[in-house]
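Asker: let me see the structure of the following:
(4 chains)
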There are 2 protein chains.
Amino acid sequence: MSQIPLARRSPIPPENCNLARAIELIGDRWTMLILRAALYGVRRFDDFQSELKCPRTVLSGRLKTLVDAGLLTKRAYKVPGKRARPEYVLSAMGISLRPILIGLTQWGDVWLGQGEPPPISFTKAGSKGAIRAAFVDAEGREVRPDQIRAVLRG
Amino acid sequence: MSQIPLARRSPIPPENCNLARAIELIGDRWTMLILRAALYGVRRFDDFQSELKCPRTVLSGRLKTLVDAGLLTKRAYKVPGKRARPEYVLSAMGISLRPILIGLTQWGDVWLGQGEPPPISFTKAGSKGAIRAAFVDAEGREVRPDQIRAVLRG
DNA sequence: CTGAAAGGGTTCGCTTTCTAAATCCAGAGG
DNA sequence: CCTCTGGATTTAGAAAGCGAACCCTTTCAG
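Answerer: Numbers count the residues shown, from 1 in each chain, chains lettered A, B, ... in the order given. Below you'll find the predicted structure:
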């Protein structure tokens, strides 16, 4: 049943594991929902708020954390006749989470979709077939899940 | 700078988005750390506890949630001469999160690694080069991030 | 036949975080 | 000036997190 052999401990202690660090940073309901919205193009405080329906205190705290961590960049935008306001746009660091959230979307489509077809799918520009998250080698060829091997440094 | 066009709302309301549902389920610090450990082979209550150093109350609650959601399966194991104990093993649903957590590991290696080489890397069985999370089309060929297009159903 | 050990929890208070609602604040327009 | 609007902070109560202690069952040792 389980392909994963029993272990009493993970091979890497969580306190110097980059996965654990990433979880520490973005492994939070509101933070992830903020990133989801940001990847769809939402940038403004009130837009986030009406999208997420989260407390404004939490939103402003999370935005600050994400800016400090470098995932979002705070900059001013100005609609003519209105005062300048800040907006929160994804940095390269934030945008590079996109494959992960798309992967999680597709995982949700499979396991949590309640039998309905997925409301959003992803294709390659100019073609029609769906694409999916997978692993590739240096040449860009797919590696099947059962062929993945973990290698510890040291 | 930002390739993502401004939006006031996400195209899919969070309440029927499978990504939002997935975040609801696993988008939590302890839950994700439990899954991380489980993917490394940890199965037993006390092993999780000494790995994560989280309150036992929180651990037992999260394990219950994950079993109820179908990510973990609770079953008995028996060491000869000891009493039978439950263990928590990943189901197919849980194992299929592996690419996502590996992807997040690699994201952390790039952005949170503090310049150090990653403590763990991933290769294809029988070869040496590193593999990475990416998108592939139906034929298993890589699709570059800038070629990804989202398609709404409807 | 006691008694301790070991794994897997629950109970119990205390602290932190979340949440909702109200309030503040700065600048543009009238 | 007075108001409107988007971005945030304050405040007080609810929920969740936390550490320590305790409980429960079986197994082994004396």
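Asker: do me a favour and average the pLDDT over the strand or helix carrying A:Gln49.
Answerer: Assigned by DSSP states H and E, A:Gln49 falls within helix A:45-52. For helix A:45-52, mean pLDDT is 95.
Asker: can you tell if it touches DNA strand C?
Answerer: No - using CB under 7 Å from any atom of the strand, helix A:45-52 stays clear of DNA strand C, coming no nearer than 9.4 Å. Bear in mind the C-beta positions are built from the backbone N, C-alpha and C, glycine included.
Asker: what's that helix packed up against?
Answerer: When contacts are defined as 3 or more CB pairs under 8 Å, 6 or more residues apart in numbering or on different chains; DSSP states H and E, helix A:45-52 packs onto helix A:29-39, helix A:56-69, strand A:85-90.
Asker: show me which residues of chain A sit near DNA strand D.
Answerer: A:44-47, A:56-57, A:60-61, A:63, A:82, A:85-87.
Asker: gap between the closest residue in space to A:Ala138 that isn't next to it in sequence and B:Leu97?
Answerer: Distance criterion CB to CB, 6 or more residues apart in numbering or on different chains; nearest residue to A:Ala138, sequence neighbours excluded, is B:Gly129 at 4.5 Å. Computed as CB to CB, to the nearest Å, the B:Gly129 to B:Leu97 distance reads 24 Å.
Asker: next, the buried residues of stretch A:7-19.
Answerer: Under the neighbour-count criterion of 16 or more other CB atoms under 10 Å in any protein chain shown, stretch A:7-19 has A:Ala7, A:Ser10, A:Ile12, A:Pro14, A:Cys17, A:Asn18, A:Leu19 buried.
Asker: my guess is the first one contacts B:Gly41. True?
Answerer: Which is A:Ala7. Yes - using CB atoms under 8 Å, A:Ala7 is in contact with B:Gly41, at 3.2 Å.
Asker: parallel or antiparallel, which strands does the one helix or strand in chain A whose mean pLDDT sits lowest pair with?
Answerer: Least confident helix or strand of chain A, by mean pLDDT, DSSP states H and E, is strand A:132-136 with a mean of 90. For strand A:132-136, sheet partners with direction are given as strand A:142-143 (antiparallel), strand B:132-136 (antiparallel), following DSSP bridges.
Asker: contacts for it, please.
Answerer: A:99, A:102-103, A:106, A:122, A:142-143, A:145, A:148, B:99-100, B:102-103, B:122, B:131-136, B:140, B:142 (CB atoms under 8 Å, 6 or more residues apart in numbering or on different chains).
Asker: cheers, nothing more for now.
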